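Enquirer: Make a model of this:
(chains A and B)
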Amino acid sequence: MYKLDLADLYREINNVLNDSDIRKALDTSSYKIENNPIKVHEQYPYLDKYREEVRKAKEEVLKNIDYYIDKTLESIRKINGEAYYVENAEEANNLISELVGEPPKLVVKSKSMVSEEIKLRDFLENKGHKVIETDLGELLIQISGEKPMHTIAPAVHMTKERAVALLKKIGVKVSHASSLADVVMEVRKYLRDIFYNADVGISGGNSISADSGAIFLISNEGNIRNTTNLPPIHIALISIEKIMPNMELAYKQALLQAANAGLYPPTYLSIIAGPSSTADIEQTRIYGVHGPSKVTVILYDGGRRQYISHDYLWEQMLCIKCGRCQGVCPVWSLTGNYWGGSVYGGPMGIGWTAITEGIEKASKLALLCLNCMRCTQYCPMNIPLHKIIRELKKELFKEVSY
Amino acid sequence: MSYPLQEIISLLTNNIRKYGSPFKIDHSKLSRWAYELKIKKGGDTILYTGLLYQLIPYIKATSTWLNRIGRGVGGVLRITSRLLDPSKLIRVNRADIDNVNRMLKNIASSILKTGLEFGYLYEDEMYSGVLLYDIGMDELFRRHAEKVYEKLMEYGVKNIITIDPHTTYIMAEVYPQFIDGYNIEVINYLSIISEHKQGNEQKTNEEIVIHDPCLYARGLNIIEEPRLILGDLGYIVLEPRESREATYCCGGPIESIYPKLSHEIAKRRISQLKKYSYKILTLCPICYINLLGASEEDRELSILDISQLIG
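Expert: Numbering: from 1, shown residues only, chains lettered A, B, ... in the order given. Sure thing, here's the model as predicted:
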């Protein structure tokens, strides 16, 4: 039996329970996460059909993962992108560091959970690069040094006052008298020059299609367009379970994630298939016009492949990381991602923590699950999340002699 | 001091192993409610309480202790095996025991009114083992479930009428996965009595907000039954936003794992419900006790279990 040393977790959660700011923010956001997708699905009923199609496609990809990884890499190269498959965080960080080049470089990042998994920002900063998060929520997390509180909305737990205090630290011209609109405008000004001067843009990916090598990226702030378009080099770090068989299904997966995060239609959907180019003069193709001249896609394993044939964790990898299960969970609504591993929290986060940080860590977190089945009820991919969590609880007591 | 999770889990599970339920209780006392009704012992079809309602007074008394421990009051030394031994530190309230006995009598009477004949195992009735299943101690759970099944076989039981969501779910959905050849028909009493008029001439016209238990709503599809019963009694049933399949947990399942968090979840649920009515209806002893605990600060609230309205 694992030792049930949960004192640190209890201390962190107790702090959250006693913090009225965080409580208020989590309360509002969990209400929205629960209810906004309901309205979206009512207004766009075709989305319901996507659920089954996307789940089936993801099952197909997982069953033939090696084939789909190879096919995706090949497709990316065909459209003049660079493509790599990496197994772990160390390989991923070293490769990205090599691609970024000799320090110091200015690197802009859009939000990516996978980059959190490999602690990419710390790695590049330690190499001597300057790294700036461009998603507003993630920028706040970067300044505060915390972990993201929600997959889609990393700073859900912060009030405006807290945000202002943090932004002031990096020189954004805001004060407590600033309106929310002023705050956002000042962040825009602050990031403008950084975008233009950045040497490298790093993004994640909501989907990638195996048949074309195109990446799908959803954004509401517009920061992803700037990150992936303005710097001369774009690196996309995407975990292997985001691979979809073709363009159509990749598109549906991306839209479904947006819809279940309650943000629909998403303001921007970028489809990136290789570097920018022109052949307008003398029919000679030149790479790097307004967009990057070099696009590199890195497919990241990070422990996933070993669990594809696992008896219950395989199903976690059908997750599109919309975060809906978090907002509907009575525990998460009070704790945020403090009930979680170092990156993923809430119902889906327990399974993802098992995959990315090990079963022992996840099984201790699992003990706090109510087994109320709300997560499973709302999951757009019909993943039996509560069952995965109960299976993890069982791991705690496997070695007990009775 | 940090919450002694490991010790609490050991105590509860050891009690189940040694005494058959999470608390060290004299089981003969737990069937006293049935004496007056002269229910026969044993039979093909029996009422099966799974002892969950009977545990209410003990859970209530213990949760005060757990909460104090959760807040860092008391030391590990003082909460050794004496903690969950009601004869020592835990004081069970006589009024709570009377209350539970009335609830059980009402449940049994409401089934009797339908004309259905059933027996009861009295002191031989056993706890379902739900706590072991919930925390993932499957091997211990399997052994416990086998003992329960043996007892049922000993009495030649074929059908059981269950009265709470946890025991119903465990015995209808989970036992078949753990016991080879399990052959017991499980029916929940709400399904039985919802098909019969409650026969109350005097109809109340009161509004009441309903709190669906997670397991009834999402695990067993017992949703319409309580509404039919309440409607028949003349209640105007108010549906909160988090109702039916979207119902919200009362926090009860992690009461012993993390009392403070459990209590906060219950408070959150109360705040959702009281937007509709100060009269809150529960359908489960765990929901009842947990929501009751979270409503203490609000004197206007009344938490009523369906077992207090029927019979």
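Enquirer: The chain - how does it break down into domains?
Expert: Using chain A here. Partitioning chain A according to automatic domain parsing yields domains covering residues A:7-43+A:311-396, A:65-302.
Enquirer: Let me rephrase: I mean chain B.
Expert: Using automatic domain parsing, the domains assigned to chain B come out as B:5-192, B:200-308.
Enquirer: Point out the most buried one among these.
Expert: Comparing these by mean neighbour count (mean count of other C-beta atoms under 10 Å in any protein chain shown), domain B:200-308 comes out on top with a mean of 20. Any C-beta I mention is one placed from the backbone N, CA and C, and that applies to glycine too.
Enquirer: to the chain's geometric centre, what's the distance from it?
Expert: For domain B:200-308, the distance from its own C-alpha centre to the chain's C-alpha centre is 13 Å (C-alpha atoms, centre = their mean, to the nearest Å).
Enquirer: Next, see if stretch B:44-55 gets close to chain A.
Expert: No: using C-beta under 8 Å from any C-beta of the partner chain, stretch B:44-55 stays clear of chain A, coming no nearer than 15.6 Å.
Enquirer: Report the mean per-residue pLDDT for that stretch.
Expert: Averaged across stretch B:44-55, pLDDT comes to 97.
Enquirer: Stretch A:18-26 near chain B anywhere?
Expert: No: under the criterion of C-beta under 8 Å from any C-beta, chain B is not reached by stretch A:18-26; the shortest gap measures 8.9 Å.
Enquirer: which bits of the stretch 251-400 of chain A sit near chain B?
Expert: When proximity is defined by C-beta under 8 Å from any C-beta, the stretch 251-400 of chain A lies next to chain B at A:330-331, A:333-335, A:366-374, A:376-377, A:390-397, A:400.
Enquirer: from the residues you listed, which ones fall inside helices?
Expert: Using DSSP state H, the members of these that fall in helices are A:333-335, A:366, A:374, A:376-377, A:390-396.
Enquirer: Can you say which of those are buried?
Expert: Neighbour-count burial within these applies to A:333-335, A:366, A:374, A:376-377, A:390-396; the criterion is 16 or more other C-beta atoms under 10 Å in any protein chain shown.
Enquirer: Dump these to TSV, plus pLDDT and distance to residue A:252.
Expert: Output for these, formatted as TSV (pLDDT from 0 to 100; distance: C-beta to C-beta, whole Å):
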residue	pLDDT	distance to residue A:252
A:333	96	29
A:334	96	33
A:335	95	32
A:366	98	31
A:374	98	25
A:376	98	22
A:377	97	22
A:390	98	30
A:391	98	29
A:392	98	30
A:393	97	34
A:394	96	35
A:395	96	34
A:396	93	38
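Enquirer: out of those residues, who's nearest chain B?
Expert: Within the set of these, residue A:393 lies nearest chain B; the separation is 2.9 Å, counting by C-beta to the nearest C-beta.
Enquirer: The closest one contacts residue A:368, correct?
Expert: No: under the contact definition of C-beta atoms under 8 Å, residue A:393 does not touch residue A:368, with a separation of 9.8 Å.
Enquirer: ranking the domains of chain A by burial, who's on top?
Expert: domain A:7-43+A:311-396 (a mean of 21).
Enquirer: For the closest residue to residue A:101 other than its chain neighbours, which residues are in contact?
Expert: When the adjacent residues along the chain are set aside, residue A:101 lies closest to residue A:199, with 7.4 Å between them (C-beta to C-beta, 6 or more residues apart in numbering or on different chains). For residue A:199, the set of contacting residues under the criterion of C-beta atoms under 8 Å, 6 or more residues apart in numbering or on different chains consists of A:100, A:101, A:105, A:106, A:107, A:231, A:232, A:233.
Enquirer: In strands, which of those appear?
Expert: Secondary structure from DSSP state E places A:106, A:107, A:233 of these in strands.
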